[in-house]
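Novice: fold the following for me, if possible:
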Amino acid sequence: MEEHDPHLLDEAVVLLRGVAAELPADDPTRLAPLWSLKSALQVRYGVYAHPADLDDAVALLRELLAGTPGQHPAVVDARADLADTLLGRYRETEQETDLAEALSLYESGLPNLPASHPARPGFLAGYSDALLARAEAAQDTQVLDDAIRAAGAAVDAMPTGDPRTPSALCTLGLALRLRFRVRGRPADIDAGVTTLRQSAELASDADPNRPGFFANLGLALADRHALAGERSDLDQAIDALRLAVDGLPPESPEQHEASWCLAAVLKERWDSDGSAADLDDAIACARASIASGPSGHPGLAVRRWQLGDALFERFELHERRDDLDEAVATLRQASVSAQRTGTPEPAAVNIRLATVLAERYERYGAEADIGEALELGQAAVAATGDDHPDLPSRVASLGYLLQTSSHRPGRDADLDEAVGLLREALRAPLRTPPIAGSVPTGPDAPEPDEVPVEPPIEVPGEVPGEVPGDSTSEQDGRNAVTFRLGLALSERFDRRGALADLEAAIAAYRTLREATPEDHPLHELAGDTVATLERTRADSA
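Specialist: Model prediction:
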């Protein structure tokens, strides 16, 4: 333990196993080396993470609990240690039997611990951890309320300066945050932020869990920002997550997760105020997280998708070809990951990749890009069921791709199909703006695109759940498609001179102008376009 030498740890395990094997099962002196062997196996599991060491530690704790006289003080420690170890194994393997046994041990042991017993605060803390795990797994709000009560009791029972207090506060804060996500009560997220802040601030610099406390504080602050929109919460969330990333071992699983959380919150601040430095930092953190994370991470496809989106946004900001090429490459990787795992829908990733390829074709003219984009878009729409809520937006995206394709020689028919698909999309509800890359809404306005939804982010000790965030209104989606339809009709009038197309284009832009607020860039653009088209109509008459 002093030299952190794993070879000495291995030798200790061998020697202690030998001692335990030489002593008869009924020899009372055998319990002492079994305790030491159990501790050595737990420490070695922390070094190597071999499941067999954790399994052996659980078996030894069961033997110790069974072999210790009922009135012996060590029974309390054995019960608590077994329950804690089973809970730790549950977090690794998600075996329901481990969680059930841990809860049973806590619940059977608590009545035997008077309020003054020194082990009671730690026992309550472990019990609240187990209840929180059960509440999250079973989506049981009653158990969640029990977890909050138990965690609060554990915090209240701990003496001033107890080193376990920060962890107990963290459990209480996480439970409050989860209840906010379930019930949406602002008081819960306020209390969760306060409690998690206390957890992080009370932890000593030497506490290995301190970076995780800051990570969970940052995520709670991000939740509260999503609820109330306070900029200070967003700034503090970023500061807390930076402390977490800097304090975690490089390229550890914990740092991998915290880096992703930091990337997501930095991207949110970029979306809010457009600071290019935040976008750069978000991309750097996302790259680092993806590079250091396991290749089989269940959220890898979504993370690559979102990194590709961020790179595309930076391309639109600076127009650096490298960013656009990396966005395409990253979205292709996301597509492969989605095909392998089925999460998210491969069609959703492919329609986004198609729109970015179409933008690269419009900028740089590579024929292969628009060909690939059309194939991806057509396949995505074909793979989307008639009752799928995203079908209209994907149909609209295919219309955009066909309109872009119609700029090629000999592809005039693509424009007719584009007009038909855009009209079809407008006849159905649109969940999000489906068109990416070429709606000119002003130099500072964000361009609409199809937005991926990130699955729950897990930080060690955090209960995952859906992250509340901004959602784009259906009207924004309709506006984006209406703009694109007006543009397609205008182009077809320019090519063929059919006044019906001109009238339809004017009607589309009038609809767009009426549907957008006066301070929206599209409002003025639509009005100017209507005026231009009306002059064209007068000239034609």
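
Novice: and the helix or strand Gly477 falls within, what does it pack against?
Specialist: Using DSSP states H and E, the element containing Gly477 is helix 474-496. Contacts defined by 3 or more C-beta pairs under 8 Å, 6 or more residues apart in numbering; DSSP states H and E place helix 474-496 against helix 391-405, helix 412-426, helix 499-515, helix 521-540. All C-beta atoms are positioned from the backbone trio N, CA, C, and that covers glycine.

Novice: export those as CSV, with columns for mean neighbour count and distance to Gly477.
Specialist: Output for the helices and strands packed on helix 474-496, formatted as CSV (neighbours: other C-beta atoms under 10 Å; distance: least, C-beta to C-beta, whole Å):
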stretch, mean neighbour count, distance to Gly477
helix 391-405, 27, 6
helix 412-426, 20, 9
helix 499-515, 19, 11
helix 521-540, 16, 13
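
Novice: between helix 412-426 and the helix holding Gly477, find me the angle.
Specialist: Put simply, helix 474-496 runs at 150 degrees to helix 412-426, going by axes from the mean of the first three to the mean of the last three C-alpha atoms, to 10 degrees.

Novice: pLDDT score for the residue nearest to Leu86 when sequence neighbours are not counted?
Specialist: Once flanking residues are discounted, Leu86 sits nearest to Ala102: 4.1 Å by C-beta to C-beta, 6 or more residues apart in numbering. With respect to pLDDT, Ala102 has a value of 96.

Novice: equivalent analysis for Pro448, please.
Specialist: Model confidence at Pro448, given as pLDDT, is 27.

Novice: same check, this time on the one 5 residues further on
Specialist: Confidence per residue is given as pLDDT, and for Val453 that number is 26.

Novice: sorry, back to before: which residues are in contact with the helix holding Gly477?
Specialist: Helix 474-496 has contacts (C-beta atoms under 8 Å, 6 or more residues apart in numbering) with 393, 396, 399-400, 403, 406, 412, 415-416, 418-419, 422-423, 425-426, 429-435, 439, 448, 498-499, 501-502, 504-505, 508-509, 511-512, 515-516, 522, 526, 529, 533.

Novice: buried residues of it, list them for me.
Specialist: For helix 474-496, the neighbour count (16 or more other C-beta atoms under 10 Å) marks 476-493 as buried.

Novice: ok so, going back, tabulate the helices and strands packed on helix 474-496 (JSON lines), appending mean pLDDT and distance to Pro186.
Specialist: Below are the helices and strands packed on helix 474-496 laid out as JSON lines (pLDDT from 0 to 100; distance: least, C-beta to C-beta, whole Å):
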{"stretch": "helix 391-405", "mean pLDDT": "96", "distance to Pro186": "32"}
{"stretch": "helix 412-426", "mean pLDDT": "96", "distance to Pro186": "37"}
{"stretch": "helix 499-515", "mean pLDDT": "96", "distance to Pro186": "32"}
{"stretch": "helix 521-540", "mean pLDDT": "94", "distance to Pro186": "33"}
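
Novice: in a markdown table: those, plus distance to Pro33.
Specialist: Formatted as a markdown table, the helices and strands packed on helix 474-496 follow (distance: least, C-beta to C-beta, whole Å):
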| stretch | distance to Pro33 |
| --- | --- |
| helix 391-405 | 65 |
| helix 412-426 | 73 |
| helix 499-515 | 78 |
| helix 521-540 | 75 |
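
Novice: nearest to Asp156, of those?
Specialist: Evaluated over those, closeness to Asp156 peaks at helix 391-405, with 51.2 Å, by C-beta to C-beta.

Novice: residue contacts, Ala125?
Specialist: Ala125 is in contact with Ala151, Ala154, Met158, Arg164, Ser167, Ala168, Thr171, counting by C-beta under 8 Å, 6+ apart.

Novice: using PDB, list the CA coordinates for the strand or helix carrying it.
Specialist: Using DSSP H and E, Ala125 falls within helix 120-138. The C-alpha trace of helix 120-138 is given here as PDB (Å, rounded to 0.1, in the frame of the first residue of the first chain):
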ATOM      1  CA  ARG A 120     -24.900   3.900  11.300                       C
ATOM      2  CA  PRO A 121     -24.000   6.900   9.100                       C
ATOM      3  CA  GLY A 122     -21.900   4.800   6.700                       C
ATOM      4  CA  PHE A 123     -24.600   2.100   6.700                       C
ATOM      5  CA  LEU A 124     -27.300   4.700   5.800                       C
ATOM      6  CA  ALA A 125     -25.000   6.100   3.100                       C
ATOM      7  CA  GLY A 126     -24.600   2.700   1.500                       C
ATOM      8  CA  TYR A 127     -28.400   2.100   1.800                       C
ATOM      9  CA  SER A 128     -29.200   5.400   0.000                       C
ATOM     10  CA  ASP A 129     -26.800   4.500  -2.800                       C
ATOM     11  CA  ALA A 130     -28.500   1.100  -3.300                       C
ATOM     12  CA  LEU A 131     -32.000   2.700  -3.200                       C
ATOM     13  CA  LEU A 132     -30.800   5.200  -5.800                       C
ATOM     14  CA  ALA A 133     -29.600   2.400  -8.000                       C
ATOM     15  CA  ARG A 134     -32.900   0.600  -7.600                       C
ATOM     16  CA  ALA A 135     -34.900   3.800  -8.300                       C
ATOM     17  CA  GLU A 136     -33.000   4.400 -11.600                       C
ATOM     18  CA  ALA A 137     -33.300   0.700 -12.700                       C
ATOM     19  CA  ALA A 138     -36.900   0.400 -11.900                       C
END
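
Novice: list the residues that contact Asp278.
Specialist: The neighbourhood of Asp278, defined by C-beta under 8 Å, 6+ apart, consists of Leu266, Lys267, Arg269, Trp270.

Novice: pull the most distant pair out of these.
Specialist: Lys267 and Arg269 (7.4 Å).

Novice: how much space is there between the closest residue to Asp501 other than its chain neighbours and Arg62?
Specialist: Distances taken as C-beta to C-beta, 6+ apart put Phe493 closest to Asp501, at 4.1 Å, once the chain neighbours are dropped. Using C-beta to C-beta, to the nearest Å, Phe493 is found at 81 Å from Arg62.

Novice: one more: Leu279?
Specialist: 53 Å.

Novice: neighbour count for these two, which is higher?
Specialist: Higher neighbour count among Leu279 and Arg62: Leu279, with 21 against 15, using other C-beta atoms under 10 Å.

Novice: which strand or helix spans the more buried one?
Specialist: Applying DSSP H and E, one finds Leu279 within helix 276-292.

Novice: with that, I have no additional questions.
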